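Asks: Dropping the sequence and predicted coords here.
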Amino acid sequence: MAIAYITDDAYANGNPVSLAMPAGVVQGNFMIAFVAVQDSNGLSSVNTLAGWNFIGKVSSSASAYVNLSAFWKIAGSGEAGPYAWTATAGSGSNISGLDGMIWAFSGTDQTAPINNFAVKVGPNTSTTIIIPAITETFQSGEWYIACVCDSSNMSYTSTTPACTNYDSTGGFWESFNIGAYAPASSAVAMTWTTTATWSSAAVGIAVSILPPGTGASVIPPSTKIIFM
């Protein structure tokens, strides 16, 4: 069975942020959620919902701080949303709000669908952000999913390598730009380009997801955290 993109839910914002289950999801489908919180000092964190597994996070280091987190879930019997994420304020943090989006795929491994992930904080003023290649043992048939967001609400015009599935939205507190593709060989760095310069740092997460029977995940759910 090959991995295939199903659909994504509509972007949403709020505090908490309530995300719908993507249309067409059935038992056994894989969902990945990207949720960002904007605050005053970068110390706030997005909470993990029951039934979801934390992948990793990355925080910008400029004004209008953005903390982007990724989570995954295999849909169960009778699965239904919405899913409401909240954030916990860090020391001295003033939370502006949260933004998020869920993407859904079929044909992934059911118990350990994540191979690994990579994160990047972009320069404070630029038109590009390059997420480094994922450090992993590449598995034939895996997919890469990447999300880039920034507090300037930029829409990204292109990715290299090009994504087969792509969605871009100017959010309320942050922009959300997500792309996915199935690489033919091992991971490469991923360049995202926008036509305008963002005023504060962009952040990105790239995640590789596995087809069935390709082995154990290198990151036990809810245990691996990256602080930038």
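Replies: Done, it's in. Residues are numbered from 1 along each chain as shown.

Asks: what helix or strand is the spatially most central residue of the chain on?
Replies: In the chain, the C-alpha nearest the mean C-alpha coordinate belongs to Phe34, at 3.7 Å (C-alpha atoms, centre = their mean). Taking DSSP states H and E as the definition, one finds Phe34 inside strand 30-39.

Asks: Whichever helix or strand comes after that strand pairs with which strands?
Replies: Downstream of strand 30-39, the first helix or strand assigned by DSSP H and E is strand 45-46. Partner strands and pairing direction for strand 45-46 (DSSP bridges) are strand 87-88 (antiparallel).

Asks: Would you mind checking the average pLDDT for the partner strand?
Replies: Computed over strand 87-88, the mean pLDDT rounds to 84.

Asks: Return the distance of it from the chain's centre.
Replies: In terms of C-alpha atoms, centre = their mean, to the nearest Å, the centre of strand 87-88 is set 17 Å apart from its chain centre.

Asks: ok, back up a step: quickly note the distance from the residue nearest to the centre of the chain to Thr160.
Replies: 20 Å (C-beta to C-beta, to the nearest Å). The way it works is simple: take the backbone N, C-alpha and C, and place the C-beta from them, glycine included.

Asks: With Thr193 instead?
Replies: Thr193 is 8 Å from Thr160, by C-beta to C-beta.

Asks: Kindly report the same for Ala202.
Replies: Ala202 sits 16 Å away from Thr160, going by C-beta to C-beta.

Asks: Compare the two (neighbour count), which wins?
Replies: Set Ala202 next to Thr160 and count neighbours by other C-beta atoms under 10 Å: Ala202 wins out with 30 against 13.

Asks: Might one say that the more buried one is in contact with Thr125?
Replies: No. Between Ala202 and Thr125 there is no contact, the gap being 10.1 Å when judged by C-beta atoms under 8 Å.

Asks: Find residues that contact each of the two.
Replies: Residues touching both Ala202 and Thr125 (C-beta atoms under 8 Å, 6 or more residues apart in numbering): there are none.

Asks: in this structure, which ranges drop under the pLDDT threshold?
Replies: 10, 42, 61-64, 91-92, 153, 170-174, 199-200, 214-228 (pLDDT under 70).

Asks: Kindly recompute the last result at 50.
Replies: Along the chain, segments meeting pLDDT under 50 span 216-228.

Asks: Number of residues surrounding Gly56?
Replies: Applying other C-beta under 10 Å, we find 20 residues neighbouring Gly56.

Asks: Okay, it and Pro82: tell me how far apart.
Replies: Counting by C-beta to C-beta - Gly56 and Pro82 are separated by 23 Å.
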